[in-house]
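K.L.:
got a predicted structure here, sequence first:
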Amino acid sequence: MLGIRKTFPGVVALDGVDLVVGQGEVMGVLGENGAGKSTLMNILYGLYTMDEGTIEMQGKKVHIRNSADAIGMGLGMVHQAFTLVPNLTVMENIILGSEPSNMGVIDVKDARRQVTELVKQVGLDIGLDTLAEDLPTGFKQRVEILKALHRGAKILILDEPTAVLTPLEAEELFKSIRRMTKAGSTVIFITHKLKEVMAITNRITIMRRGKVVASLETKDANFDILANAMVGRQVQRKFNFGPYKPGETLLKVEDLKAASKHKTEALNGLSFAVGAGEIVGVAGVEGNGQTELVECIMGLMKPTGGTIRLKEKLINKLHTSEVLKLSVGHVPEDRALNGLILDFSIAENVVLGSTERTDFSKRGVMVPKRIRDFARKIVQSFSVSTSGIDVKARNLSGGNQQKIIVGRELAGQPHLLIAHQPTRGLDVASTEYIQSLLVDSRNAGRGVLLVSADFDEILDLSDRILVLYEGKFIGELQRGASIGELGRLLGGIAAS
Amino acid sequence: MDLTWLILLAVFGLQNAVPIGIAAQGELVTEKSGILNIGIYGGMAIPAFAAAATNLAFGPTLGNASPYMGLLAAMATGAGLNFVFAYLSTKIHVDQVIAGIGINIFAVGITAVFLQRYYALDGTPNGHQLAPLFSITGLAQNLHVSISPLMATMFVLPVLVYLFLGRTKLGLHIRAVGENPKAAEAAGVDVAWVRITATAIGGILLGLGGAFLTVDFNPNFVPDYAQAIFPAFIALAAVIAGGWKPPYVLAVSILFGVTEALRPVLAVSSTQGYLLTTLPYIVTVVVLGIASKRLRPPAALALPYKKE
């Protein structure tokens, strides 16, 4: 792939990316969230079309318009989210779309022989007659790999394949990858984990913000080189921090455990505290337990162990509405999904969650005038640009939507503010504004828990940084820590 | 003890079950692909009319063979009608429920128009009746039971449907698009066309079930809409209560047929009789209520799929 460029509205996702992969090798593509790894692979697999650039295979220029083209050229992709049909058996899933058949009737014997042979070849042992829905996550991935191979994939793209695997399963996967490459297959391995690229790849291409920043032989690489290349640093933003004087402990979490949707351990014994007047940053590449952590605190998810205290009060079993009443503000991860009701007006959105406040409703009937006054106040004091408070949230820009949420949460004068990805997808001005609101909150003596995968944001804002990796805190950094230190932790290398 | 009533109940019950059982297998195939065909009444009534009309048209030339022309006409009409319905909901993205209701209302109108234009408003004249496969006598006094080819079809169909869905390429594709259309698409399956095909196949069976009413049970079409509405919507319920599994769907269809036969067979006096008339509906509600707790419909049932 040469000179690949891809823009999405307002963003340059890929800017002249070159990627050269040799037959039979394992190429690691390393980068943090939003570096462009997945976009690049989706272009290769025909899911996106590129704006500029060429793709060549074995010296010949090829055009890949859709995934059928890609499959025809021997490409196979295993996504992070699996695409299996739950009520079909393993074998049916593997042969779906390329069934050996005779006059429309599936040749079951032939299918079984083909699949069994494949299984032997790559060493991914699996029961063929189990229903896909009954498989543990690691096995679902095996089915995906076998499916790609059954369709004749010679180049296999694995997108963050170990994100859903236990360490043991990951080890098995690595073994299979080695067997596959020995048999002549090529593997492109996308990851943010430093240990894994070091363990499995022959060569590594590191991407940052849509560009390739380095490409090297694995034997020439080490953790420091990789960490520095992966994280990098943009302009440092200046905020007006008051002196750091953490006050009383607001949030105290001890030995918190939780299971994810995939029934794997999402949180594996977290302990930390947030005091008044400090910003505690939880850093980590997405999918390392951040969502579960916030949901446990907010009562949106039941922890499987440990305790969460808010000013000494145990809140493990409380309902979300009760948690909110304990003076907690929450800026959720996905503003469109959990933060706002997009088809409601601004006025309706600003009283979501606080309709029980006595000044907003009387005996269950809302008091429109008070609500409208409140909405106007928020629009004004948080400089939301809109033509009025009856505008639907859907018609606001992301930045303005987020201002409404943050405004709504801060209006309740919370002691503790939990901000989850507060500036994701926002333009520079909105980002800075929202970030300054967080800093102001800290200076005003509020406790702020900032959970973010934007590492610049984490480094700029946090008084203390906790790095979450596979459901555990792998290390803690203080303000002023270097990117190298953060990069190593993000990649799963604990400080020695 | 006189067991005549039991035999009668079985005979009438099975007869009632034929249109339900055949249509239900068709609807099952359709629903497996993720399409919920609420237009099942239209899918049976219009072919039922086509069957009666074709039967009448071929009567003078083909004699006793003309009902078979009726059956063919019904299957073709059913397939065509369902093709249109499926095309609307998969390619043009018309809401499945709205398109289905539209087809039901269309059925009421179009059959009335044709009746008035070519026959009489109160129904078509009688045509030839479908000849029975064989007859059974001696079960009880004066009882002569004819077994219709369509009743035999009702019993064979679940096996065929089971093999079709389980063993053929198209069957596998139907199950895949009904459960996870995105995955099927990623595997190179054309979701829309598989759904359209499955719905058209379902239409063939809806038509056959409808034709039973107008060339077999009675050899004419009368605009007694209740007569076709009952088997149609009961078939829809039977698919659910039978858990989308062909043999169970047949069993539930027979249960509904037998319940429906209770009143005429027991010939109870008027007041209780009316209560008994409601029994099939009550049984339906109860069976669905119990069944719905543990049932798992095709995951993508009634969900439109739009390619990105």
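P.N.:
Now that the structure is in, tell me what you want to look at.
K.L.:
residue of the stretch 151-300 of chain A closest to chain B, please.
P.N.:
Residue nearest to chain B within the stretch 151-300 of chain A: A:Arg151 (8.1 Å; C-beta to the nearest C-beta). Glycine gets a C-beta too; all of them are placed from N, C-alpha and C.
K.L.:
tell me the contacts of that residue?
P.N.:
Counting by C-beta atoms under 8 Å, 6 or more residues apart in numbering or on different chains, A:Arg151 makes contact with A:Ile71, A:Gly76, A:Gly97, A:Ser98.
K.L.:
helices or strands next to the helix or strand harbouring B:Ser89 in the packing?
P.N.:
For B:Ser89, the host element (DSSP states H and E) is helix B:66-90. Counting contacts by 3 or more C-beta pairs under 8 Å, 6 or more residues apart in numbering or on different chains; DSSP states H and E, helix B:66-90 is packed against helix B:4-32, helix B:40-62, helix B:96-118, helix B:191-212.
K.L.:
out of those, which comes closest to B:Arg175?
P.N.:
With respect to B:Arg175, and counting by C-beta to C-beta, the nearest of the helices and strands packed on helix B:66-90 is helix B:4-32 at 5.8 Å.
K.L.:
show the end-to-end separation of stretch A:98-108, please.
P.N.:
Start and end residues of stretch A:98-108 are separated by 13 Å (C-alpha to C-alpha, to the nearest Å).
K.L.:
between the contacts of A:Arg151, which is nearest A:Pro414?
P.N.:
Of the contacts of A:Arg151, the one sitting nearest to A:Pro414 (C-beta to C-beta) turns out to be A:Gly76, at 48.8 Å.
K.L.:
which one, of the helices and strands packed on helix B:66-90, ends up nearest to A:Val328?
P.N.:
Closest among the helices and strands packed on helix B:66-90, once you apply C-beta to C-beta, is helix B:96-118, at 42.0 Å.
K.L.:
just checking, what packs against the closest one?
P.N.:
helix B:40-62, helix B:66-90.
K.L.:
strands paired with the following helix or strand past that helix, and their directions?
P.N.:
Using DSSP H and E, the next helix or strand after helix B:96-118 towards the C-terminus is strand B:134-137. Here strand B:134-137 has these sheet partners by DSSP bridges: strand B:144-147 (antiparallel).
K.L.:
just the angle for the helix or strand following the partner strand relative to helix B:66-90, thanks.
P.N.:
Counting by DSSP H and E, the next helix or strand C-terminal to strand B:144-147 is helix B:149-167. Note on geometry: by axes from the mean of the first three to the mean of the last three C-alpha atoms, to 10 degrees, helix B:149-167 and helix B:66-90 are set 40 degrees apart in direction.
K.L.:
and whichever helix or strand comes after helix B:149-167 with helix B:66-90, angle?
P.N.:
Heading C-terminal from helix B:149-167, the first helix or strand you meet, by DSSP H and E, is helix B:169-179. Relative orientation of helix B:169-179 and helix B:66-90, computed by the same axes, to 10 degrees: 40 degrees.
K.L.:
please save the CA atoms from the helix or strand following helix B:169-179 in CSV.
P.N.:
Later in the chain than helix B:169-179, the nearest helix or strand by DSSP H and E is helix B:181-186. Output in CSV follows, covering the C-alpha atoms of helix B:181-186 (Å, rounded to 0.1, in the frame of the first residue of the first chain):
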residue,chain,number,x,y,z
PRO,B,181,-27.5,-10.4,8.4
LYS,B,182,-24.3,-8.4,8.8
ALA,B,183,-22.3,-11.6,9.3
ALA,B,184,-24.0,-13.2,6.3
GLU,B,185,-23.3,-10.1,4.1
ALA,B,186,-19.6,-10.2,5.2
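K.L.:
so how far is helix B:181-186 from its chain's centroid?
P.N.:
Here helix B:181-186 is found 30 Å from its chain centre; the criterion is C-alpha atoms, centre = their mean, to the nearest Å.
K.L.:
try stretch A:452-466
P.N.:
Centroid separation between stretch A:452-466 and its chain, computed with C-alpha atoms, centre = their mean, is 16 Å.
K.L.:
send me it as CSV with only the CA atoms.
P.N.:
Taking C-alpha atoms only, stretch A:452-466 is exported to CSV below (Å, rounded to 0.1, in the frame of the first residue of the first chain):
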residue,chain,number,x,y,z
SER,A,452,-9.8,9.3,28.7
ALA,A,453,-7.9,7.6,25.9
ASP,A,454,-6.6,11.0,24.7
PHE,A,455,-3.2,10.9,26.3
ASP,A,456,-2.5,14.6,25.7
GLU,A,457,-5.5,15.4,27.7
ILE,A,458,-4.5,13.1,30.4
LEU,A,459,-1.0,14.5,30.6
ASP,A,460,-2.2,18.1,30.4
LEU,A,461,-4.9,17.9,33.0
SER,A,462,-4.2,15.3,35.6
ASP,A,463,-2.7,15.8,39.0
ARG,A,464,-2.2,12.1,39.2
ILE,A,465,-2.4,9.5,36.4
LEU,A,466,-3.5,5.9,36.9
